[in-house]
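A.B. asks: Take this sequence and fold it.
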Amino acid sequence: MNKSDQIKLFDFFVKNKVENFLGVPDSTLKHFINRGLEKNKITITTKEEEAIGIATGMSLSKSTSLVFMQNAGFGNSISTITSLVQLYKIPLIFLIGWRGYLSSDAPEHLLFGKIQPEILKSLGMKTQILDSKTWEKSAKWAINNISKGNSCALVIKREFHD
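C.D. replies: Below is the predicted model of the structure:
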């Protein structure tokens with residue numbers, strides 16, 4: 001997604017009462033994160049598991065949360081997602097950057113990028129891939145999921161022309 005769409009996505013979530021935005025910075029999500037920093041609504045954490053833990057506490061206090069991360073960080077946080085978020089049915093929106101889905105990405109991203117969709121599927125996590133044409137529909141879908149008490153993932157593909 002381009003800069004304008006990432007800014008609109010952030011503003012959409014704020015307008016729709018997502019109160020907490022936590023995570024580890026990712027260049028794929030840079031415009032989303034920068035918008036949150038401009039609005040003083042982003043909490044940067046040192047690890048994805050830390051963001052998930054804080055967001056879980058906020059969700060338990062009835063405060064809606066979105067956790068953002070790169071797909072490598074998603075891989076690191078699978079145990080936290082399965083043993084905390086999924087086990088206790090914590091409604092969180094995960095916004096995951098997708099590096100490595102194209103062979104032109106950096107080599108360290110290629111394997112995980114290739115298997116990321118299968119990992120999300122194996123976890124049984126409802127997922128939609130965001131793009132410039134359907135991001136608003138997908139964002140509404142995510143809001144609907146957490147309002148029903150379910151976690152879900154929105155995935156943004158890495159663009160190489162920002």
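
A.B. asks: What helix or strand is the residue nearest to residue 103 when sequence neighbours are not counted located in?
C.D. replies: Spatial nearest neighbour of residue 103, chain neighbours left out: residue 110 (6.8 Å); criterion: Cβ to Cβ, 6 or more residues apart in numbering. Just so you know, the C-beta spots here come from the backbone N, C-alpha and C atoms, and that holds for glycine as well. Using DSSP states H and E, residue 110 sits in helix 107-123.

A.B. asks: Can you name every helix or strand that the helix or strand that that helix is followed by contacts?
C.D. replies: As assigned by DSSP H and E, the chain's next helix or strand after helix 107-123 is strand 127-130. For strand 127-130, the elements it packs on are helix 107-123, helix 135-147, strand 152-157, judged by 3 or more Cβ pairs under 8 Å, 6 or more residues apart in numbering; DSSP states H and E.

A.B. asks: any idea how far the shortest one is from the chain center?
C.D. replies: In this case it means strand 152-157. 6 Å (Cα atoms, centre = their mean, to the nearest Å).

A.B. asks: what's in contact with it?
C.D. replies: 1, 6, 28-29, 32, 93-98, 101, 116, 120, 125-131, 138-139, 141-142, 145-146 (Cβ atoms under 8 Å, 6 or more residues apart in numbering).

A.B. asks: And residue 84, how close does it get to residue 60?
C.D. replies: Applying Cβ to Cβ, to the nearest Å, the value for residue 84 to residue 60 is 11 Å.

A.B. asks: if I look at those two, which residues touch both of them?
C.D. replies: In contact with both residue 84 and residue 60: residue 90, using Cβ under 8 Å, 6+ apart.

A.B. asks: distance between the ends of stretch 22-38?
C.D. replies: 14 Å (Cα to Cα, to the nearest Å).

A.B. asks: wait, I meant stretch 82-93
C.D. replies: Stretch 82-93: ends 14 Å apart by Cα to Cα.

A.B. asks: Between residue 84 and residue 60, which has more neighbouring residues?
C.D. replies: residue 84 (16 against 10; other Cβ atoms under 10 Å).
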